[in-house]
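Undergrad: Sharing a sequence plus its predicted fold:
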There are 2 protein chains.
Amino acid sequence: MNDFESIVAELTETLASTGAASVLRDSEALIKYQRDMGALEDPHLPLAVVLAESVSDVQNTLRWASKHRISVVPRGAGTGVSGAAHAIECCMVLSLELMNRIIEVRPDDEIAVVEPGVVNADLNAAVAQYGLMYAPDPASYQQSTIGGNVSTNAGGLRCAKYGVTRDSVLGLTVVMADGTIIETGKQTFKGVAGYDLTSLVIGSEGTLGIVVSATVRLRYLSKNQRAIAAIFPDIETAAQGVLEIGRARIQPAILELLDDGVMAVIDSIHGTQLQGTGGALLLALTDGFGALLEEQAIRDQLSKLGATLFEPDDPQAMKLLEMRRVSRGDEQDDVYRVGEDVAVPRSKLVDYVHELRLIAERHKVWVRTVAHAGDGNLHPTFWIDPAEGEAGLTRLERALDDSIRSALAIGGTITGEHGVGQYKLRWLGWEQSEQVRELQYKIKEVFDPQGILNPGKAI
Amino acid sequence: MNDFESIVAELTETLASTGAASVLRDSEALIKYQRDMGALEDPHLPLAVVLAESVSDVQNTLRWASKHRISVVPRGAGTGVSGAAHAIECCMVLSLELMNRIIEVRPDDEIAVVEPGVVNADLNAAVAQYGLMYAPDPASYQQSTIGGNVSTNAGGLRCAKYGVTRDSVLGLTVVMADGTIIETGKQTFKGVAGYDLTSLVIGSEGTLGIVVSATVRLRYLSKNQRAIAAIFPDIETAAQGVLEIGRARIQPAILELLDDGVMAVIDSIHGTQLQGTGGALLLALTDGFGALLEEQAIRDQLSKLGATLFEPDDPQAMKLLEMRRVSRGDEQDDVYRVGEDVAVPRSKLVDYVHELRLIAERHKVWVRTVAHAGDGNLHPTFWIDPAEGEAGLTRLERALDDSIRSALAIGGTITGEHGVGQYKLRWLGWEQSEQVRELQYKIKEVFDPQGILNPGKAI
Ligand SMILES: Cc1cc2nc3c(=O)[nH]c(=O)nc-3n(C[C@H](O)[C@H](O)[C@H](O)COP(=O)(O)OP(=O)(O)OC[C@H]3O[C@@H](n4cnc5c(N)ncnc54)[C@H](O)[C@@H]3O)c2cc1C
Ligand SMILES: Cc1cc2nc3c(=O)[nH]c(=O)nc-3n(C[C@H](O)[C@H](O)[C@H](O)COP(=O)(O)OP(=O)(O)OC[C@H]3O[C@@H](n4cnc5c(N)ncnc54)[C@H](O)[C@@H]3O)c2cc1C
């Protein structure tokens, strides 16, 4: 560690001479930057935290890290829930949160160029005046950063209609492991020159490079937004509602499914009185020129299934959507309570929500489920009473394993939007073949030959 | 070449013992499979053509090619216009056109699984009965294959609203250079397990692997389709119309711009009488629940600019759209007539269409332009009289260079959708840095260490 003192002094000096970045070493900072919001199984404190303020800060940090072969864990807001931003042994945390300038908004081009630390909600606030929005809106949109969203390929609520982060990113500026800079992609809506390095970096969880700016495509922010809220007797029928909306070929902007457990959580946070009204709540938003007609068509489908619908102009429906939009129920996972994130083919939604209940019963654990149902992306949260200790943990593990296995068995994926991080590495081999994993390691090696960028994550 | 005789005999035997693939060697076949529809500057006949009928045919061909280090040029329908499917020295052409089964359509999941040789239009015909469509529709959709569309990341008309090929592909099965098979991506709408190998293969023009099946996402085929046709005095004002539709935040499904030269071509093919009615034609399609309202809003914007609009229910508007949908004017490029394919930021459309005319004047060449204008993607075709010979060719080259340079100068790209192929390699270094190109070579090496897959193309 003495060695490390002089090495860190070298970094501090370089950064001081060229930029404004701070290097934090106090234990409060080390603890704060130790983890994201995913379950923490193998805690490590970082050796230090760099708060970068400019591209050259990032370059200098990476050059230094390359020279001394020190691992770097990039970090946005730390709202990830897969441990992708957890500190690992002998690492630096490189926080991009202070690089939060919106560099350019070009309303006629319908694009914006932003630094990675810009908070998703701030970008949306800045472009709304032009009738535009940055569509991907993870429920963490009031905290999470565009850099983090890009690096996890974040989804969100409006993705049902507008797609995930990848569908809104045109180009990136990336600092490579050795401190060099590349530009990927383009500033136009379309472009096919060379390989799609942009998509490769998107979702790579900080293992291929540091995103220091993103050119994003903006979409039209509709003034016609119609919210629909429907209570169902049980979650299976609510899931059937999702299917019927699809069968009627109606594309809502948002389509969220909440079971009675999540309804209870919303009650406890917001003082609503959902619990006891039914077994599940389906929330939809239609927008654009067709909003009213789509609203009516959705209402028709759900009525046929026996749902109890809020009145068409009841402001409570929009309020419920907002409550869902700003929360996933739990903020930080711990080992006793784990939020899952599988996606399944749409036709399998009904079976799968049913299966989740059976799994919980079988292993005597609790489960509640919220879903970006329009995309077939489910977030069951499984938990046990921490007082149970090891015995409970074993049952929890089995339930989690079963939920993943069942999703894969029906053509699903182990992660719809949260990423693999650290936590889901255990299941990656269930989804990907050895050849694919081998290929990914080799690609990682091309970008980061020394393996200093967020090692042990994502792949 | 004697050597080659015994090597080919080995391939023919293997293929005969395990599958139904034919190996063609007759000169008619070699000539037919020598080229795609791009300009041909450096003609080579392939040594032989394999018509694969199964995945194992593809694997056997690749194993054999790896063993003998023979280059393989994959091929769909050969409608590419950048020479990406042109034969190169001492190569095999591997045609996927006979692998044309639609393996599965899953209407409730809104996905289809297809072999690479399925023609785009055939897939659309098969899913229409379910109220679904495969959205990306290059103007070649009646000939081009899904495998070719995937490998070029093809765009098309409906991309204005529904995105390009990448936005509709969920997963791929790929045969690697050594004959092994990998599955990339997922069968769900969302999924972020590992790196995005699917996007990496999409648009890679057969240089990373052979696509032997694709899982595609289908979109809702709207019964409400409204066509709008507007004649403008000049192309600059028509381009302004595109901008105003965007400023009004209206998202048509299709938005195509045709100048007077292209209007004349349509007249000559279809017997219409567009020429003389104005300097440019703007064609739009609205669809979905908002189609009527969007139609009205677009008409309002274009009227304000002084356009002459076809009446709202005039069937001619839809017919004009169909004429555009099935053609790019010219089928096959030659060295005297080259179709370009730049994309520019939307706000620059007006300036750029004006600039194209100036460039043509300056170099005394002809130009006519058609554009997927909603995406800022333009196809100017430059040509000279072949009788002019070398002197004309030099001027043509300069005009082409200038058109590319001007597009790049305003933040555009050298290729919006046609790909780099062989023809556009000359300009790739104008757009991409040395580092990016180096990175792409290294990625290529990971997938194809011997460099046998379509060498000299794309990157
Ligand atoms: C309440 C709540 C609701 C949520 N809802 C959703 C949801 O609806 N959809 C969804 O997809 N996720 C959701 N999440 C998960 C999380 O918010 C997203 O993954 C988000 O994208 C993370 O952004 P961040 O800025 O917090 O990144 P962090 O958590 O700090 O980092 C995430 C990953 O990206 C890397 N990284 C961060 N910045 C950079 C950069 N500039 N360059 C390179 N790598 C970088 C990190 O190393 C890490 O691997 C939710 C989380 C919470 C707590
Ligand atoms: C009239 C006309 C209109 C056009 N309009 C458009 C348009 O609107 N938008 C657009 O984007 N393009 C357009 N094009 C260009 C062309 O049609 C597209 O690039 C199309 O995607 C090519 O498909 P294909 O099956 O003909 O592929 P090919 O031309 O045979 O091959 C294209 C590339 O893909 C590779 N390839 C083919 N199949 C496979 C496979 N299974 N695995 C791996 N590699 C493979 C080839 O090696 C080559 O590099 C047009 C062309 C014409 C002639």
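TA: Thanks, I have the structure now. Please read these numbers as outputs of a predicted model, since none were measured by experiment. Ligands and ions are numbered 1, 2, ... in the order given.
Undergrad: Let me know the distance separating residue A:283 from residue A:322.
TA: Computed with Cβ to Cβ, to the nearest Å, the distance linking residue A:283 and residue A:322 is 10 Å. To be clear about C-beta, it is placed using only N, CA and C from the backbone, and glycine gets the same treatment.
Undergrad: Who has more neighbours out of these two?
TA: Neighbours around residue A:283 and residue A:322, counted as other Cβ atoms under 10 Å in any protein chain shown, are more numerous at residue A:283. The numbers are 25 against 12.
Undergrad: Give me the pLDDT for residue A:65.
TA: pLDDT recorded at residue A:65 is 97.
Undergrad: you'd agree it is up against residue A:91?
TA: No. Look at residue A:65 against residue A:91 with Cβ atoms under 8 Å: they stay out of range, at 9.2 Å.
Undergrad: intersection of neighbour lists for the two?
TA: Counting by Cβ atoms under 8 Å, 6 or more residues apart in numbering or on different chains, the shared contacts of residue A:65 and residue A:91 are A:71-72.
Undergrad: Residue numbers of the stretch 151-300 of chain A in contact with ligand 2?
TA: Residues of the stretch 151-300 of chain A lying close to ligand 2 (Cβ under 6 Å from any ligand atom): none.
Undergrad: How about the residues of the stretch 151-300 of chain A by ligand 1?
TA: So the stretch 151-300 of chain A meets ligand 1 at A:151-152, A:154-156, A:205-206, A:210-211 (Cβ under 6 Å from any ligand atom).
Undergrad: Next step: these restricted to strands.
TA: A:210-211 (DSSP state E).
Undergrad: contacts for the longest helix along chain A?
TA: For chain A, the helix with the greatest residue count under DSSP state H is helix A:390-409. Residues outside helix A:390-409 that contact it (Cβ under 8 Å, 6+ apart): A:335-336, A:338, A:340, A:342-344, A:352, A:355-356, A:359-360, A:362-365, A:367, A:380, A:382-386, A:413-414, A:427, A:430-431.
Undergrad: Separate out the buried members of those residues.
TA: A:336, A:338, A:340, A:342-344, A:352, A:355-356, A:359-360, A:363, A:365, A:367, A:380, A:382-384, A:413-414, A:427, A:431 (16 or more other Cβ atoms under 10 Å in any protein chain shown).
Undergrad: In the stretch 1-150 of chain A, which residue sits nearest chain B?
TA: At 3.7 Å from chain B, residue A:108 is the closest residue in the stretch 1-150 of chain A, using Cβ to the nearest Cβ.
Undergrad: That residue contacts residue B:244, doesn't it?
TA: No. With contact defined as Cβ under 8 Å, residue A:108 does not reach residue B:244; the gap is 10.1 Å.
Undergrad: what's the pLDDT at the closest residue to residue A:80 other than its chain neighbours?
TA: Among residues not flanking residue A:80 along the chain, residue A:36 sits closest, at 4.0 Å (Cβ to Cβ, 6 or more residues apart in numbering or on different chains). Looking at residue A:36, its pLDDT reads 96.
Undergrad: Let's verify residue A:36: helix, strand, or coil?
TA: coil (DSSP: H, G, I helix; E, B strand; the rest coil).
Undergrad: So what's the residue count around it?
TA: 26.
Undergrad: Also residue A:392?
TA: Count around residue A:392 with other Cβ under 10 Å applied: 18.
Undergrad: ok, now how distant is residue A:424 from ligand 2?
TA: 31 Å (Cβ to the nearest ligand atom, to the nearest Å).
Undergrad: Name all residues that make contact with that residue.
TA: A:82, A:414-415, A:418, B:193.
Undergrad: For the residues you listed, pick the one with the most neighbours.
TA: Ranked by neighbours (other Cβ under 10 Å), the contacts of residue A:424 are led by residue A:415, which has 31 neighbours.
Undergrad: returning to that earlier point: nearest to ligand 2, of the residues of the stretch 151-300 of chain A next to ligand 1?
TA: When those are compared for distance to ligand 2 (Cβ to the nearest ligand atom), residue A:155 wins out at 27.4 Å.
Undergrad: any idea how far the residue nearest to residue A:217 when sequence neighbours are not counted lies from residue A:445?
TA: Distances taken as Cβ to Cβ, 6+ apart place residue A:168 nearest to residue A:217, at 5.1 Å, with adjacent residues excluded. Using Cβ to Cβ, residue A:168 is found at 29 Å from residue A:445.
Undergrad: Any idea which of the residues of the stretch 151-300 of chain A next to ligand 1 the model trusts least?
TA: Lowest pLDDT of those: residue A:156, 92.
Undergrad: Burial check on that residue, number of neighbours?
TA: Counted with other Cβ under 10 Å, the neighbours of residue A:156 add up to 25.
Undergrad: Neighbours of the nearest residue to it once chain neighbours are set aside, how many?
TA: Leaving out its chain neighbours, the residue that sits closest to residue A:156 by Cβ to Cβ, 6+ apart is residue A:137, at 3.9 Å. For residue A:137, the neighbour count with other Cβ under 10 Å is 23.
Undergrad: shouldn't residue A:137 be in contact with residue A:325?
TA: Yes. Using Cβ under 8 Å, residue A:137 is in contact with residue A:325, at 7.0 Å.
Undergrad: any idea of the mean pLDDT in the helix or strand that residue A:243 is a member of?
TA: Residue A:243 is located in helix A:235-247, with elements delineated by DSSP states H and E. Average pLDDT, helix A:235-247: 97.
Undergrad: Check the offset of stretch A:338-353 from the chain's centre.
TA: The chain centroid and the centroid of stretch A:338-353 are separated by 17 Å under Cα atoms, centre = their mean, to the nearest Å.
Undergrad: circling back to that earlier point, neighbour count for residue A:168 and residue A:445, which is higher?
TA: residue A:168 (23 against 13).
Undergrad: where does the stretch 151-300 of chain A dip in pLDDT?
TA: Judged against pLDDT under 70, the stretch 151-300 of chain A has no low-scoring part.
Undergrad: which strands and helices sit next to the helix holding residue A:243?
TA: With contacts taken as 3 or more Cβ pairs under 8 Å, 6 or more residues apart in numbering or on different chains; DSSP states H and E, helix A:235-247 sits against strand A:225-232, strand A:254-259, strand A:280-287, helix A:291-304, helix A:349-363.
Undergrad: out of the ones you listed, which comes closest to chain B?
TA: Of the helices and strands packed on helix A:235-247, the one closest to chain B (Cβ to the nearest Cβ) turns out to be helix A:291-304, at 4.2 Å.
Undergrad: Distance from that closest one to the middle of the chain?
TA: 30 Å.
Undergrad: how far off strand A:254-259 does that helix point, in degrees?
TA: Relative orientation of helix A:291-304 and strand A:254-259, computed by axes from the mean of the first three to the mean of the last three Cα atoms, to 10 degrees: 30 degrees.
Undergrad: what about helix A:291-304, near chain B?
TA: Yes. In terms of Cβ under 8 Å from any Cβ of the partner chain, part of helix A:291-304 sits within range of chain B, namely A:291, A:293-294, A:297.
Undergrad: moving C-terminal of that helix, what's the next helix or strand?
TA: Using DSSP H and E, the first helix or strand after helix A:291-304 is strand A:308-309.
Undergrad: just checking, next helix/strand downstream of that following strand?
TA: Using DSSP H and E, the helix or strand that follows strand A:308-309 towards the C-terminus is helix A:315-325.
Undergrad: how about stretch A:15-30: buried residues?
TA: A:15, A:19, A:21-24, A:29-30.
Undergrad: so where's the stretch 351-459 of chain A uncertain?
TA: By pLDDT under 70, the stretch 351-459 of chain A has no low-scoring segment.
Undergrad: Tell me which residue in it sits closest to ligand 2.
TA: For the stretch 351-459 of chain A, Cβ to the nearest ligand atom, closest residue to ligand 2: residue A:439, 16.5 Å.
Undergrad: give the contact list for that residue.
TA: Taking Cβ under 8 Å, 6+ apart, one finds B:182, B:197, B:446-447 in contact with residue A:439.
Undergrad: quick one: stretch A:250-270 near chain B?
TA: Yes. Stretch A:250-270 comes into contact with chain B (Cβ under 8 Å from any Cβ), by way of A:250-251.
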